[in-house]
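>>> Here is the input, now give the coordinates:
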Amino acid sequence: QVQLVESGGGLVQAGGSLRLSCAASVSGRTFRSYYMGWFRQAPGKERDFVATINWASGSEYYADSVKGRFTISRDNAKNTVYLQMNSLRPEDTAVYYCAASTSMVLPTSAFRYAYWGQGTQVTVSS
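Modelled structure (predicted):
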């Protein structure tokens with residue numbers, strides 16, 4: 001019903017930048033009723049919220065740890081969500097997941113997202 005495919009991960013030095021993409025497809029409805037989010041999970045840690053965007057309004061919300069460094073955006077024509085990551089730090093190293101939510105409230109917890117991509121690895125070297 002909903003398919004999410006991430007790309008754009010890789011290895012980068014501290015201070016560098018990466019842009020993640022999430023190609024989204026849904027059958028039977030549009031993404032205008034969705035929030036699209038990014039989460040990340042480092043080895044041995046929980047999956048943490050990074051950012052989310054309301055597809056219809058474009059409203060964005062960020063975790064404090066990435067505020068001012070990361071930017072979430074969406075391209076309606078391409079049904080794609082992006083995460084531009086600047087000033088990367090070694091502690092940003094994780095598998096990054098794209099997710100979709102039909103929550104009626106701002107979804108910053110993983111349980112509010114019903115659909116997930118397969119993840120893409122981001123490694124920041126010091």
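>>> Count residues in the vicinity of the nearest residue to Ala94 once chain neighbours are set aside, would you?
In this structure, Ala94 finds its nearest non-sequential neighbour in Arg40, 3.8 Å apart by CB to CB, 6 or more residues apart in numbering. Using the backbone N, CA and C atoms, a C-beta is placed for each residue, glycine as well. Per other CB atoms under 10 Å, the neighbour tally for Arg40 reads 23.
>>> for Arg40, which residues make a bridge with it?
Under DSSP bridges, the beta-bridge partners of Arg40 are Asp48, Tyr96.
>>> helix or strand for the residue nearest in space to the middle of the chain, which one?
Residue closest to the mean C-alpha point of the chain, counted by CA atoms, centre = their mean, is Trp38 at 2.1 Å. Using DSSP states H and E, Trp38 sits within strand 35-41.
>>> thinking again about what came up before, mind listing what the residue nearest to Ala94 touches?
Listed by CB atoms under 8 Å, 6 or more residues apart in numbering, the contact partners of Arg40 are 47-48, 50, 92, 94-97, 122.
>>> Now with 7 Å, please.
Residues counted as contacts of Arg40 (CB atoms under 7 Å, 6 or more residues apart in numbering) are 48, 50, 94-96.
>>> What of Trp38?
Counted by CB under 7 Å, 6+ apart, Trp38 has contacts 50-51, 72, 83, 96, 98.
>>> Widest-spaced pair of those residues?
Farthest-apart pair in the contacts of Trp38 is Ile72 and Tyr96; separation 11.7 Å (CB to CB).
>>> which residues in this structure form strands?
Taking DSSP state E as the test, the strands found in the chain are 2-7, 10-13, 18-26, 35-41, 47-54, 60-62, 70-75, 80-85, 94-101, 115-116, 120-125.
>>> Return the list of helices and strands in contact with the first one.
Read it as strand 2-7. strand 18-26, strand 94-101, strand 115-116 (3 or more CB pairs under 7 Å, 6 or more residues apart in numbering; DSSP states H and E).
>>> How many residues are close by Met104?
Residues near Met104, counting by other CB under 10 Å: 9.
>>> any idea how far it is from Ser126?
Using CB to CB, to the nearest Å, we find Met104 at a distance of 42 Å from Ser126.
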